[in-house]
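Novice: generate a structure from the sequence data that follows.
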Amino acid sequence: MDKDNANPTILNVSELPTRQNKKKATAPGKDADLDLDIVLRKPEYLSAPFCDLSWASDDTDSDDGFTIEPIDEQEIYDLISTISDPEHPLSLGQLAVVNLPDIHITPSPSLPADPNTLTQVLVKITPTITHCSLATVIGLGIRVRLEQALPPNYRVDVMIKEGTHSQDDQVNKQLADKERVAAALENATLKGVLDKMLETCV
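Specialist: Next comes the predicted model:
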């Protein structure tokens, strides 16, 4: 089977926006030395006597010292950018199928995060070519990944970015149809493709 786009534009993984640890991609040299300094640095808790309980001071921000941060666009990007493209041995982030500016959360993330508030996540995808036959499969993979990873109060919508696909209306209609999505996920062949795409997700 011929590929829709045999020569896509590929972005370097080290240049993709992320909060995830990129140590695996660090090349030997100056950066590696910096990482070694961090690893060998004496932990702060060893700098003070063991009886020093200053860390347990009257912190009124949180009862246990931890704050639940809201899920933001960067976190959504980190969840989906590592999904493998079904046609190439590359990620959706490397192929710029998913881009941080094309992820929208409504209402905007804020503190404190309220688990009872319905939150919409909209991801607009950019196929590598305007006649990509796998755009629906890619959108479905993104939807499955986010629905598995996000709390139940998050509603996920995936659509083709305006003007990037010759049949964007048709693809968007398929991706928005919950019954069609559910039926597609019962197809063993398609489920196998999706499982393979999601294997690279951490």
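
Novice: residues near residue 75, how many?
Specialist: Neighbourhood size, residue 75 [other Cβ atoms under 10 Å]: 18. (C-beta placed from N, C-alpha, C; glycine too.)

Novice: so what's the nearest residue to it once chain neighbours are set aside up against?
Specialist: Counting by Cβ to Cβ, 6 or more residues apart in numbering, residue 75 lies nearest to residue 19, which is 7.1 Å off, once chain neighbours are set aside. Residues in contact with residue 19 (Cβ atoms under 8 Å, 6 or more residues apart in numbering) are 74, 75, 78.

Novice: in CSV: these, plus pLDDT and distance to residue 94.
Specialist: Listed next are the contacts of residue 19 as CSV, based on pLDDT from 0 to 100; distance: Cβ to Cβ, whole Å:
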residue, pLDDT, distance to residue 94
74, 94, 17
75, 94, 19
78, 95, 14
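
Novice: residue contacts, the residue most central in space within the chain?
Specialist: Geometric centre of the chain, nearest residue: residue 79, 2.2 Å, by Cα atoms, centre = their mean. Contact analysis of residue 79 by Cβ under 8 Å, 6+ apart lists 145, 146, 149, 201.

Novice: if we use 7 Å, what do you get?
Specialist: The contact partners of residue 79, by Cβ atoms under 7 Å, 6 or more residues apart in numbering, come to 145, 146, 149.

Novice: now it: how far from residue 180?
Specialist: Between residue 79 and residue 180 the distance, using Cβ to Cβ, to the nearest Å, works out to 23 Å.
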